[in-house]
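Visitor: 3D model of this:
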Amino acid sequence: MEAKAAGTIGNSGDEEAWEAKVEKARKNDAGFWKKGEGLKERIAVSTEDGTGLGARLSEHFGRVPYFIIVDLDENCNVLSVQSTSNESKHFGGVGQPSDCILQFNPHAVIAYGIEPKALTIFQQAKVAALRANANTVKEVVEAYMQDRLEELTEGCHQARRH
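Guide: Residues are numbered from 1 along each chain as shown. Below you'll find the model as predicted:
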């Protein structure tokens, strides 16, 4: 899977210590990281194009051509932005779109809608699934930082069965 980085991903410091923090955060009762805990957050957004923060959101998670991955620091500053193409079976590759995203270890996925199976996969992986309320990645990231996105609690009714 080819990703185009617009900044560096990772931390500035000890990788083992960082991975220990990630593992601890993944196991907490809330299921995903909280702002203000000193840990960065990673958000995955489903988009029509791979143009970074200016990318327009796609109508449905599973059939998007691109995902934009945004890393935030503990103060919700954007650290990096990556664009990656959807290489799931829907686009001639293998696996489900949720598999593509989970490779990036996100804390949240933002989309207008997510089919029930993918939503269940994200819930089991303790990845927050949030409903998009804007048109661009920049706008939904800002809404995320301000806690203005609602959680998706049920799958999209328009999802197709495969």
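Visitor: and the helices in this structure?
Guide: Ranges of helices within the chain are 15-26, 97-102, 116-124, 137-145, based on DSSP state H.
Visitor: and those, which one's lowest on average pLDDT?
Guide: Ranked by mean pLDDT, the helices of the chain bottom out at helix 15-26, which scores a mean of 49.
Visitor: what's near enough to touch I114?
Guide: Shown in contact with I114 (C-beta atoms under 8 Å, 6 or more residues apart in numbering): H60, F61, G62, F122, A129, L152, G155, C156. For glycine as for every other residue, the C-beta is placed from the backbone atoms N, C-alpha and C.
Visitor: if you set the cut-off to 7 Å instead, what comes out?
Guide: Taking C-beta atoms under 7 Å, 6 or more residues apart in numbering, we find I114 in contact with F61, A129, L152, G155, C156.
Visitor: surely the third one touches L119?
Guide: Right, the one you point to is L152. Yes - L152 lies in contact with L119 (C-beta atoms under 7 Å); the separation is 6.1 Å.
Visitor: name the residues contacting each of the two.
Guide: In contact with both L152 and L119: A129, using C-beta under 7 Å, 6+ apart.
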